[in-house]
Structure formats: structure tokens, C-alpha cells
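Visitor: sequence? don't have it. structure:
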Ligand code: AR6
Ligand code: MG
């Protein structure tokens, strides 16, 4: 059994690695190969800076640690304050709009509902920041669904935006409870598929199983699963990227980024799942060291672990 501590840190560091490495390729078409990304990571000199994906993940972790559990209002304010301190991190248009509405007096309940003509956001922004919740609440999938739904609705109220976050959280939780030597990628995809309550996701996850069995080319993966900013066009893609490359956390991230499109977020989500399986050891130290604030991110993982331990007893 892998020590849970390293799995907690691994999931948060995986988020940051996928995000920071993918950020340079956001909006690109498919890259020549996953090894192109690995080579880039190895040769890059200087600091790899993270974007909103990691910044919001940090905020979610900070709130859980400060409140010693989930407190929606506290988390909402934490995400808003962090954004206001560092608004340059490449946030999607939705969350900053919510924060501005709240500052002008609209309630936290109402503000996210007003986005996108009153439909709410189905962007992948709730899914990309979900790792700390998945770590702390991984033991009960029922509780995890409830907490993730509430945390998502701080900014993302569209049911498809919420469901993407729930499934990403399930994937992390399953990975956390598994070990690399006994992991079965098809069983894993089936377990995530069983958990969904939305037809779009059920269909995508069933497609993912077929693509895995057929060893589909990357172009077909992009065509069938998507690589864009909507949660349903990126969360199932990340879950697939991990399942296809479960033996190596770095290969999983490199494969995800090589698909192009919303590369940082698909990289971040894939990294969160892969890091939860392999732990921090899954990532080469020389890459972790290049990631901005990696020591702080590891420390948040350790504090979440401590919190999880204390809540168990
Ligand atoms: N109808 C149409 N388009 C939508 C809808 C909707 N109901 N909801 C979302 N979109 P947003 P995020 C599209 O702004 O999810 C950063 O680059 C729309 O194009 O709520 O936090 C991160 O790295 C909208 O602009 O923000 C991630 O890649 C987009 O989805 C991403 O942004 C994003 O939704 C996270 O974005
Ligand atoms: Mg980003």
C-alpha cells in the first residue's frame, strides 16, 4: 500500500505540473507526440508558472485547511480574494464576473446563476480545481458528490459543469484508493461511468472504454471525446488520458497536453488523477522543482492529509 501522504501531495503536484506544462500549449492543435512534451519539460530552463487551474486548486485547499472541512461561504470568499490578489492567471471569463457581481452586492447564490444568459457555466473550471475535495472526502462517494456539487456552484451552476467536477473527483478518489500494480484501466473507466447521472457523460465514458480497447489514435480521441473548455469536452478526455497511460504519471500528462486544445486544464485534470495513483514519486524531482510554488503545494497536500487523518479518528 502506497503511503496516503505522498498520494495527497502527488495529486496536487500533478495538477500543477499538468497546468504549468500545458499552459505553453493552450489553444494549439495536436502536438507531434507526447514525447515532444516530455522533451520540452526536460529542457525548459527557468520556472514553469501555473495558471487559474492551480491557483483555484490552492484556494480550495487553503479553505478546507483553514476551516478544517468544507465551508462554502469561506471557500467562495477565498477564491474571490485569491483572484483579486493575482487576477493575471488566465481565468476564464465566468469566475471573475461572479466575483465582480458579488462585490457589487449580488448574493453568492444568485451571481453564478446569471452567467451565460441565465444558464450558468458548464466550463471546466469547477472540475479543474476539485482535487483537494476528492482527497479529503474520497472515502464516501455519496458525500463527495454532495460536497463537490456545492463547491462547484460557487461559480458553475449548470448541471453539466457540476457533473464534470463530480466525475473528475470520483476519478481522483478511485485512483487514490488503488495501487499501480493492481490497477485495471477498463474497470476504472467502468466505475466512473457507473457513477454518472448525465447522459452526455455516460456516452463519453462508454466511448472512452471503446477508444481504450481499440488503441485509437490521438486524432480520433480528440474527435470523439473533445479537447475544449466545456466540462463535457475535457473532463472525460482527462479521465481517458489517465486510463490510457496509467503506468506513468508523466506519460499521462504528456499525452493529455499533446492533444492540444485546452491543454493546461486537460493536463491539470489528468495530472491530479495520475498523481493520486502514483504519489509524488511518479514525478521526476527535477520537473517538480521547476514548478512555481511547488514546495507550498506539497505542504498543502501534507496539511490535507493531516486533516483527513484527524477526521478519521
Ligand atoms: N453556454 C455556452 N458556453 C459556455 C457556457 C454556457 N452555458 N458555460 C461555459 N461556456 P467559464 P471556467 C464556455 O468562463 O470554466 C481557463 O483558460 C464559454 O466559452 O465559466 O472557469 C482555464 O485554464 C466560457 O468562456 O470559466 C480553463 O481552461 C468557457 O466555457 C478554463 O478557462 C469557460 O467557462 C476554465 O474556465
Ligand atoms: Mg488555465
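Guide: Sure thing, it's come through. Small disclaimer: the values here were computed from a predicted structure and weren't measured. Ligands and ions are numbered 1, 2, ... in the order given.
Visitor: For the rest of this, base every contact and every neighbour count on C-alpha atoms.
Guide: Will do.
Visitor: Would you map the helices across the stretch 1-150 of the chain?
Guide: 4-23, 34-43, 52-67, 72-85, 94-103, 115-118, 131-136, 141-152 (DSSP state H, counting those that start in this stretch).
Visitor: and ligand 2, which of these is closest to it?
Guide: Ligand 2 lies closest, by C-alpha to the ion, to one member of the helices of the stretch 1-150 of the chain: helix 52-67, at 4.8 Å.
Visitor: tell me the angle the closest one makes with helix 72-85.
Guide: 130 degrees (axes from the mean of the first three to the mean of the last three C-alpha atoms, to 10 degrees).
Visitor: mean confidence score for helix 52-67?
Guide: Mean per-residue pLDDT for helix 52-67: 98.
Visitor: That one and ligand 1, are they touching?
Guide: Yes. Applying C-alpha under 6 Å from any ligand atom, one finds helix 52-67 touching ligand 1 at 52, 53.
Visitor: Point out where the stretch 51-200 of the chain drops to low pLDDT.
Guide: For the stretch 51-200 of the chain, no stretch has pLDDT under 70.
Visitor: So which bits of it are right by ligand 1?
Guide: Residues of the stretch 51-200 of the chain found near ligand 1 (C-alpha under 6 Å from any ligand atom) are 52-53, 90-95, 116, 119-125.
Visitor: you'd agree residue 89 is up against residue 50?
Guide: Yes. Residue 89 sits in contact with residue 50 when judged by C-alpha atoms under 8 Å, with a separation of 7.5 Å.
Visitor: doesn't residue 60 make contact with residue 79?
Guide: Yes. Under the criterion of C-alpha under 8 Å, residue 79 makes contact with residue 60 at 7.2 Å.
Visitor: residues from the stretch 1-150 of the chain in reach of ligand 2?
Guide: Taking C-alpha under 5 Å from the ion as the contact definition, the stretch 1-150 of the chain meets ligand 2 at 51, 52, 53.
Visitor: Counting neighbours, which of those comes out on top?
Guide: Of all those, residue 53 has the most neighbours under the rule other C-alpha atoms under 10 Å, reaching 31 neighbours.
Visitor: Test my guess that that residue contacts residue 268.
Guide: Yes. Between residue 53 and residue 268 there is a contact under C-alpha under 8 Å: 7.1 Å.
Visitor: Quick check: neighbours shared by the two?
Guide: 15, 16, 19, 128 (C-alpha atoms under 8 Å, 6 or more residues apart in numbering).
Visitor: quick one: which of those residues is nearest residue 288?
Guide: residue 16 (8.9 Å; C-alpha to C-alpha).
Visitor: so who does the closest one touch?
Guide: Going by C-alpha under 8 Å, 6+ apart, the list of residues near residue 16 reads 50, 53, 54, 268, 271, 291, 294.
Visitor: Could you dump the residues you listed into CSV and include distance to residue 280?
Guide: Formatted as CSV, those follow (distance: C-alpha to C-alpha, whole Å):
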residue, distance to residue 280
50, 18
53, 19
54, 16
268, 15
271, 11
291, 13
294, 11
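Visitor: for the residues you listed, which one is nearest ligand 2?
Guide: Of all the contacts of residue 16, residue 53 has the smallest distance to ligand 2: 4.9 Å, by C-alpha to the ion.
Visitor: what residues are up against that closest one?
Guide: Contacts of residue 53 (C-alpha under 8 Å, 6+ apart): 15, 16, 19, 125, 128, 129, 264, 265, 268.
Visitor: hang on, the earlier thing: strands - which of the contacts of residue 16 land there?
Guide: Among these, DSSP state E puts none in strands.
Visitor: Now residue 284. Its backbone dihedrals?
Guide: Backbone torsions for residue 284, taken as degrees, to the nearest 10, come to phi -60, psi 140.
Visitor: any idea how far it is from residue 148?
Guide: Noted for residue 284: a distance of 30 Å to residue 148, by C-alpha to C-alpha, to the nearest Å.
Visitor: neighbour-wise, which of those two wins?
Guide: Regarding residue 284 and residue 148, a neighbour count based on other C-alpha under 10 Å identifies residue 148 as having more, with 26 against 12.
Visitor: Touching, the more buried one and residue 167? I think so.
Guide: No. Using C-alpha under 8 Å as the test, residue 148 is too far from residue 167 to be in contact (9.6 Å).
Visitor: Stretch 248-263 and ligand 1, are they touching?
Guide: Yes. Using C-alpha under 6 Å from any ligand atom, stretch 248-263 reaches ligand 1 at residue 262.
Visitor: near ligand 2, anything from that stretch?
Guide: No. Stretch 248-263 lies apart from ligand 2 when judged by C-alpha under 5 Å from the ion; the minimum separation is 8.0 Å.
Visitor: does residue 190 sit in a helix or strand, and which one?
Guide: helix 185-195 (DSSP states H and E).
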